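mind folding the following:
(2 chains)
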Amino acid sequence: SQQGEEDPQALSIQEGENATMNCSYKTSINNLQWYRQNSGRGLVHLILIRSNEREKHSGRLRVTLDTSKKSSSLLITASRAADTASYFCATDQKGGANNLFFGTGTRLTVIP
Amino acid sequence: GAGVSQSPSNKVTEKGKDVELRCDPISGHTALYWYRQSLGQGLEFLIYFQGNSAPDKSGLPSDRFSAERTGGSVSTLTIQRTQQEDSAVYLCASSLGSYTDTQYFGPGTRLTVL
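Now for the predicted structure:
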C-alpha cells in the first residue's frame, strides 16, 4: 500500500514549544501534502511540497522532504493551543493511482 | 466564495436501510473526491470524479457503495443495505484540477448505523 505513516501517533507539548511530526511513505511521489483536521471533521490543506523541493516554509510551518529516505517532516514553531488537531500527510503515486493516500495522522495536543 | 458543503451533517440509520449523502463542491472545481474515515483512523479513498471522465471507483469497498456526479457539480454517495461497519465520517473534497492539486474538504457527514 502507498499509505503514509505518521510518527508519532500522538504528541503533547506545552504552548510555545516546537512540534515535529514525521511522515514516511513507500513509493516514488510527485508531491507530498500536509493537512490538518480539527475534531474529526473536514481537513484543511496546510502546505504542499514537490518531489524536487527539499524544504518549504509557510508562516510557523516548516516542511522538509527527503525523497531518498521517503520521508517528510512537519515542524510547527512556537506552538499555540489553537494548533491542537490531527495532522495528516498525503502522497500521490508517481505513475500510479489517481488519488491521494493519507496516513493515519499525528494527534497534537498543545497545553496552554 | 463558499467552500465545500455536505449534507446531512449527521445521519443515523438502521442496518439494512439505504442512505444518500450529498456533496456540493466549490464552484468551478473539476475534481471531486469521496473519502471515509473511521474513528481515529486516516482517510480511506472511495471514489474520484474528474471532469467528464469516467470516475475512478477503485476505492469503493463493495457493490453496496455507488456515487454519481450530476452536471459536473453536485455528487451523491449512496450506500445500500447499510451495515454497522459502514459507520464512519464520510468526507467530500474538491480541487480545481487533478488529484495532485490542493483538495478542499467539506465538514463531513457522520453516519451511524445501528
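
pull up the gap between the closest residue in space to A:P8 that isn't next to it in sequence and A:E5, please.
Of all residues not flanking A:P8 in the chain, A:T106 sits nearest, at 6.1 Å (Cβ to Cβ, 6 or more residues apart in numbering or on different chains). Bear in mind the C-beta positions are built from the backbone N, C-alpha and C, glycine included. Noted for A:T106: a distance of 10 Å to A:E5, by Cβ to Cβ, to the nearest Å.

more neighbours: which of the two?
For A:T106 and A:E5, the more surrounded residue by other Cβ atoms under 10 Å in any protein chain shown is A:T106, and the numbers stand at 23 against 17.

and the host helix or strand of A:V110, C-alpha only, in CSV?
Following DSSP states H and E, one finds A:V110 within strand A:106-111. C-alpha atoms of strand A:106-111 as CSV (Å, rounded to 0.1, in the frame of the first residue of the first chain):
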residue,chain,number,x,y,z
THR,A,106,-0.5,12.5,14.4
ARG,A,107,-2.7,13.8,17.2
LEU,A,108,-1.1,17.0,18.5
THR,A,109,-2.2,18.5,21.8
VAL,A,110,-0.8,21.9,22.8
ILE,A,111,-1.2,22.5,26.5
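
write out the residues of chain B neighbouring chain A.
Contact residues (Cβ under 8 Å from any Cβ of the partner chain) of chain B with chain A: B:4, B:33, B:35, B:37, B:39, B:41-43, B:45, B:48, B:50, B:56, B:58-59, B:89, B:91, B:93, B:98-100, B:102-108.

all strands for chain A, in order.
With DSSP state E, the ranges of strands along chain A come out as A:5-7, A:10-14, A:19-24, A:31-37, A:43-50, A:55-58, A:61-66, A:71-76, A:85-91, A:101-102, A:106-111.

worst mean pLDDT among these?
Sorting the strands of chain A by mean pLDDT places strand A:5-7 lowest, at a mean of 82.

show me what it is packed up against.
Contacts defined by 3 or more Cβ pairs under 8 Å, 6 or more residues apart in numbering or on different chains; DSSP states H and E place strand A:5-7 against strand A:19-24, strand A:85-91.

partner strands of it and their direction?
Partners of strand A:5-7 in the sheet, by DSSP bridges, are strand A:19-24 (antiparallel).

who's in contact with the partner strand?
Strand A:19-24 is contacted from outside by A:4-8, A:11, A:13, A:32, A:34, A:69-76, A:79, A:83, A:87, A:89, A:103, A:106, A:108, A:110, using Cβ atoms under 8 Å, 6 or more residues apart in numbering or on different chains.

for A:Y35, give me its contacts.
Contacts of A:Y35 by Cβ under 8 Å, 6+ apart are A:43-46, A:87-90, A:102, B:105.
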